[in-house]
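Student: Need coordinates for the following:
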Amino acid sequence: MAEKFRKIVKKGWNYFWREDSLGSWLLNILVAFLLIRYVVYPVLGVVLGTHFPIVAVVSESMEHSTFNGILCGKSPQEYRESFDNYWDTCGNWYVQHGISKEEFQQFPLRDGFNKGDVIILWRANGNNIHVGDVLVFQASKPQPIIHRVVSVKTEGGKTVYQTKGDHNADSIEPVLGEHQIDQSRIEGKGVIRIPYLGWLKILFVEAVRPLGINIQR
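Tutor: Below you'll find the model as predicted:
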């Protein structure tokens, strides 16, 4: 019995590590995903003080480039991505809301980020959230939203935050409830951007969706 068990284990080990086949490759990806999701992810959550220590960006709402020819609700002609060009297109909204170009240039992740990037988060509370920070919060969507804080105010004795996607024309109400985000909806704030790495999750989620497996985090 013991000898049979050892043969099964050895066969499985060789298949996992040495077999050059599609099945072995997919198994390696699945195991890596499960280890990250259920081991690495929770440990990072404890260290960084948030239930969402790492998020993959799944939309274009923080990009500083045009998407389908549109940026901040406008259609700039021959647009080339740069901070100055972004400000020329989108800056008027921020000026109207009391944020100058010089202030925006000092914001964390001032150049936004792209779909498929990964953002590492840190715990967020009333002591460390400021205008310009990138905030991850819950809304009426399966995935959390990651947008920039554009206003901090006190209402009814509690602090609430307004956010806006850098790519968007305005804060989104009522779907995202971006005008009044309280602490109960906040998951963390973005501190580090890792380009492209999030595509691994996005592609994996889309690959398993036809199998009836819906992964939200």
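Student: For the protein, which segments count as helices?
Tutor: 2-17, 22-35, 41-48, 83-96, 101-105, 198-208 (DSSP state H).
Student: Run through the bridge partners of Glu155.
Tutor: Beta-bridge partners for Glu155, by DSSP bridges, are Lys158.
Student: That one is in contact with Ile181, isn't it?
Tutor: No: between Glu155 and Ile181 there is no contact under Cβ atoms under 8 Å: 11.2 Å. The way it works is simple: take the backbone N, C-alpha and C, and place the C-beta from them, glycine included.
Student: any low-confidence regions in this protein?
Tutor: 1-20, 23-25, 27-29, 32-33, 35-37, 40-41, 43, 45-48, 204-217 (pLDDT under 70).
Student: Geometric centre of it: which residue is closest?
Tutor: Residue closest to the mean C-alpha point of the chain, counted by Cα atoms, centre = their mean, is Val57 at 3.6 Å.
Student: quick one: it from Ser151, how far?
Tutor: Val57 is 23 Å from Ser151, where distance means Cβ to Cβ, to the nearest Å.
Student: ok, now Gly49?
Tutor: 24 Å.
Student: So between these two, which is more surrounded?
Tutor: The residue with more neighbours, out of Gly49 and Ser151, is Ser151; 17 against 13, by other Cβ atoms under 10 Å.
Student: and the residue lying closest to that one once chain neighbours are set aside, what is it in contact with?
Tutor: Among residues not flanking Ser151 along the chain, Gln162 sits closest, at 3.9 Å (Cβ to Cβ, 6 or more residues apart in numbering). Listed by Cβ atoms under 8 Å, 6 or more residues apart in numbering, the contact partners of Gln162 are 149-153, 171, 178-181.
Student: Please apply the same query to Gln105.
Tutor: So Gln105 contacts Phe83 (Cβ under 8 Å, 6+ apart).
Student: Within its local environment, how many residues does Asp117 see?
Tutor: Neighbour tally, Asp117, other Cβ under 10 Å: 22.
Student: Against Glu102, how distant is it?
Tutor: 26 Å.
Student: since we're on Trp93, how many residues are nearby?
Tutor: 17.
Student: Provide a list of residues in contact with it.
Tutor: Here Trp93 is in contact with 72, 164, 169-170 (criterion: Cβ under 8 Å, 6+ apart).
Student: Among those residues, filter down to the buried ones and hand me the ChimeraX syntax, if you would.
Tutor: In ChimeraX, a selection of the buried entries from the contacts of Trp93 looks like this (16 or more other Cβ atoms under 10 Å):
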select :72,164
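Student: Kind regards, and thank you for your time.
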